[in-house]
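Novice: Give me a 3D structure for the following:
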Amino acid sequence: MFTKILIANRGEIACRVAETARRLGIRTVAVYSDADANAKHAQVCDEAWRLGPAAAKESYLLAAKVLEIAKASGAQAIHPGYGFLSENEDFAKAVADAGLVFIGPPASAIAAMGSKSAAKALMEKAGVPLVPGYHGDEQAPDFLQAQADKVGYPLMIKASAGGGGKGMRIVRASGEFAAALASCKREAINAFGDDKVLIERYVEQPRHIEIQVFADAHGHCVSLFERDCSVQRRHQKVIEEAPAPGMTAERRKAMGDAAVAAALAVGYQGAGTVEFIADQAGNFYFMEMNTRLQVEHPVTEMITGHDLVEWQLKVASGLPLPATQAELTIDGHSIEARVYAENPDKGFLPSVGKLRFMRTPAGVHFTGQQRPVPAAVRVDSGVREGDTITPFYDPMIAKLIVWGANREQAVARMRLALDEFLVIGPNTNIEFLKRLMENPAFREGRLDTGLIERDKSQLIPGAPVPSLETLAQACALVLTMEQQAAAQRQRHQRFPADPWAAMDGWRPTGRQQRLMRFETAGKEAALHAVQLGYAARGYTVSASPADGLAPVCLSDLKWDADRRELSGLIGSQRFATRAIHDEATQSIHLFGAQGQISLKYRGLTTDVEAEAGAGGSLVAPMPGKVIALLVEKGSQVRQGQPLLVMEAMKMEHTLNAPADGLVQSFVFAVGDQVAEGAQLVDFKAA
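Specialist: Numbering: from 1, shown residues only. Take a look at the predicted model:
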């Protein structure tokens, strides 16, 4: 076994590999960019070496620099994690040529599976079922159009060297093909440096099911069963689970055998994932093989009881697989949710900023030993409170993984765990994930890749309007903060407290009445005013008479400073709400029955400030780069017509005209970097 390894990655996967290595007594070397100088992964490893500037191509993608550090640090092997250099055949070969061990498959296997087209041809020879399509080298647009018409519609264009949902387009009619092809190739060359594409028939209501395989250098290869990754948005996975709902023993064996055959066909070693697309009838077709550990590997660990990173380290050091196929069994059900810094209300655009507050569910970290039951909750994260989500890398905050004796219990545990995952700072998808756990189709296991788009109105209903009960809780938090501040002042006073400054609301003419105003943030900014009345044993909270709502009584307030939990009675109903007062932004965050509600206490303010960027212009919804202008300056355009394309996180985002009107000018040129909120188009509505 190795005594020191270098982890050529960042974030949660670097932390994950380091955790297992430490348990096995292996020292670890981290590498970091300037943006990650104080990152968690650089601190949990035994050593940390600088790579270069923030941009990945100037740091984490510098193969020669990584090798230089590996040799200088005395590392015997390199674990590539996933992404970056993990599926780079040249890097794998360079590692071997340098006399080090690449903790992954041979360069030849990466090369064989690196091209989707070549891989499909190889799989066809191995007898693995394929979706009808074109996977050849001829890439002339007219030729590809003819092949697409021959395959039939709907079809999917895929970047041959792609992955992670990038460089993929669904085309439903022949007339849409040319524009989709151009966009796909543009995104592919930007993300992978290769614009070659393949074309295949699009399976309606498809399921995405993948098989975890593992092979050693002694000719052994096993399947560690399947994962269902059907719940996706923009071709990127959101929820993964194992085993797949509705999977029969016969189909599991057939898919496992096909995956093992695929691995053996390329002389595979280490961890790999063979991905299949399946229709609702159970037919399955090979899509691609990922020659690395997958983001969603924890659900396989939870149902098998095996640490896959430990397997990687053992296999790479020359040991045989730790278990045979006959010894592998499935125990229970596991679900993983990817918690991202993104805004579901804005098409899941990435969100950046400081994690001013973060609390994760209490759980037990999986260590490869006996499964921790019943507290089977695991959080894999590469960030901590106070860290910043930057625009340079994937905006994942954490992976939340749960285990249950069955799927119903796992779903229930996930829903409860999401309630305990609190983040203030960038926008997150946590409330969206909660609604997903409550979605009828998801709860019943009726999964396909179109679920999110089909049920968008339930999953993305827009920002909630705070109820009177929620505003009453906001009032309660303001009162609590005021009482704490008053107590603090009193402790530092030389003289007895001023009775007029008491916080009980007493006045010579009766109890105090206060008008309290709260503002919701964002595009739908609104001011909410409530009347707070001090009563003998609590408070009354009333809305505007025009709202027609009966006042509510607020009493028995208690504040748990350790849990940041506010509790009390609204009428006769007890509530308990996580409540955070963010002093940096002077805002209130409530995590209750309505989900996360963020408010600013405006006191006696009477007006809401106009939203920045309003008026006759289009602004950047996220930081990124302008990569295409789709109309000319001075063009008359229709509402919804595409105007320009931005690229962020290696994904394309098209901005459309908000109304019929005139494009008077573009503020930026192709290639310019723009900040979030920057005006992009001088637009005059008709």
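Novice: Could you use CA atoms for every contact and neighbour count after this?
Specialist: Will do.
Novice: and the nearest residue to residue 88 once chain neighbours are set aside, how many neighbours?
Specialist: Leaving aside its sequence neighbours, residue 88 sits nearest to residue 110 (Cα to Cα, 6 or more residues apart in numbering; 7.1 Å). Burial of residue 110 is recorded as 23 neighbouring residues (other Cα atoms under 10 Å).
Novice: for residue 563, same thing?
Specialist: Residue 563 - counted by other Cα under 10 Å - has 11 other residues nearby.
Novice: helix, strand or coil for the nearest residue to it once chain neighbours are set aside?
Specialist: Leaving aside its sequence neighbours, residue 563 sits nearest to residue 578 (Cα to Cα, 6+ apart; 7.4 Å). Counting by DSSP: H, G, I helix; E, B strand; the rest coil, the backbone at residue 578 sits in strand.
Novice: Point out where the stretch 1-150 of the chain drops to low pLDDT.
Specialist: Scanning the stretch 1-150 of the chain for pLDDT under 70 picks out no residues.
Novice: Kindly report the same for the chain.
Specialist: 164, 363-375, 492-511, 521-525, 545-547, 603-617, 621-622, 648-651, 676-677.
Novice: And for residue 50, nearest residue in space, chain neighbours not counted?
Specialist: Residue 50's closest residue in space is residue 32 (Cα to Cα, 6+ apart), at 5.1 Å.
Novice: Then residue 542?
Specialist: residue 551 (4.4 Å).
Novice: In contact with that neighbour: list those residues for me.
Specialist: 540, 541, 542, 543 (Cα atoms under 8 Å, 6 or more residues apart in numbering).
Novice: Which phi and psi values does the last one adopt?
Specialist: Which is residue 543. phi -90, psi -180 (degrees, to the nearest 10).
Novice: So the nearest residue in space to it that is not next to it in sequence versus residue 519, what's the distance?
Specialist: Spatial nearest neighbour of residue 543, chain neighbours left out: residue 530 (4.8 Å); criterion: Cα to Cα, 6+ apart. Using Cα to Cα, to the nearest Å, residue 530 is found at 12 Å from residue 519.
Novice: again with residue 237
Specialist: 34 Å.
Novice: Now do the strands in the stretch 551-686 of the chain.
Specialist: 552-560, 565-570, 573-582, 587-592, 595-603, 617-619, 624-629, 636-637, 642-648, 651-656, 661-666, 673-674, 679-685 (DSSP state E, counting those that start in this stretch).
Novice: Output the contacting helices and strands for the first one.
Specialist: Read that as strand 552-560. helix 468-491, strand 538-542, strand 565-570 (3 or more Cα pairs under 8 Å, 6 or more residues apart in numbering; DSSP states H and E).
Novice: Let me have these in JSON lines, extended by mean neighbour count and distance to residue 142.
Specialist: Shown next, in JSON lines, are the helices and strands packed on strand 552-560 (neighbours: other Cα atoms under 10 Å; distance: least, Cα to Cα, whole Å):
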{"stretch": "helix 468-491", "mean neighbour count": "17", "distance to residue 142": "59"}
{"stretch": "strand 538-542", "mean neighbour count": "21", "distance to residue 142": "67"}
{"stretch": "strand 565-570", "mean neighbour count": "20", "distance to residue 142": "63"}
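Novice: burial measure for residue 306, as a count.
Specialist: 22.
Novice: quick one: secondary structure of it?
Specialist: Assignment for residue 306 (three-state DSSP): coil.
Novice: Just give me the neighbour total for residue 182.
Specialist: Residue 182: 13 neighbours (other Cα under 10 Å).
Novice: so whichever strand or helix holds it versus strand 642-648, what angle?
Specialist: Element membership for residue 182 (DSSP states H and E) is helix 177-192. Helix 177-192 runs at 20 degrees relative to strand 642-648, counting by axes from the mean of the first three to the mean of the last three Cα atoms, to 10 degrees.
Novice: Now do the helix or strand following helix 177-192 and helix 177-192, the angle between them.
Specialist: Once helix 177-192 ends, the next helix or strand along the chain (criterion: DSSP H and E) is strand 197-201. Here the directions of strand 197-201 and helix 177-192 differ by 130 degrees (the same axes, to 10 degrees).
Novice: Which residue ranges of the stretch 351-500 of the chain form strands?
Specialist: According to DSSP E, counting those that start in this stretch, the strands that the stretch 351-500 of the chain contains are 353-354, 357-359, 377-381, 388-389, 396-404, 422-424.
Novice: With respect to residue 653, which of the ones you listed lies nearest?
Specialist: strand 396-404 (18.8 Å; Cα to Cα).
Novice: Alpha carbons of the closest one, in CSV - could you do that?
Specialist: This file holds the C-alpha atoms of strand 396-404, laid out as CSV (Å, rounded to 0.1, in the frame of the first residue of the first chain):
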residue,chain,number,x,y,z
MET,A,396,-21.5,22.6,-5.4
ILE,A,397,-21.8,23.3,-1.7
ALA,A,398,-22.2,19.7,-0.6
LYS,A,399,-23.6,16.3,-1.3
LEU,A,400,-26.2,15.2,1.2
ILE,A,401,-26.6,11.4,1.4
VAL,A,402,-29.0,9.4,3.5
TRP,A,403,-29.7,5.7,4.0
GLY,A,404,-32.9,3.9,4.9
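Novice: and that strand, which strands flank it?
Specialist: If you go by DSSP bridges, strand 396-404 pairs up with strand 333-340 (antiparallel), strand 377-381 (antiparallel).
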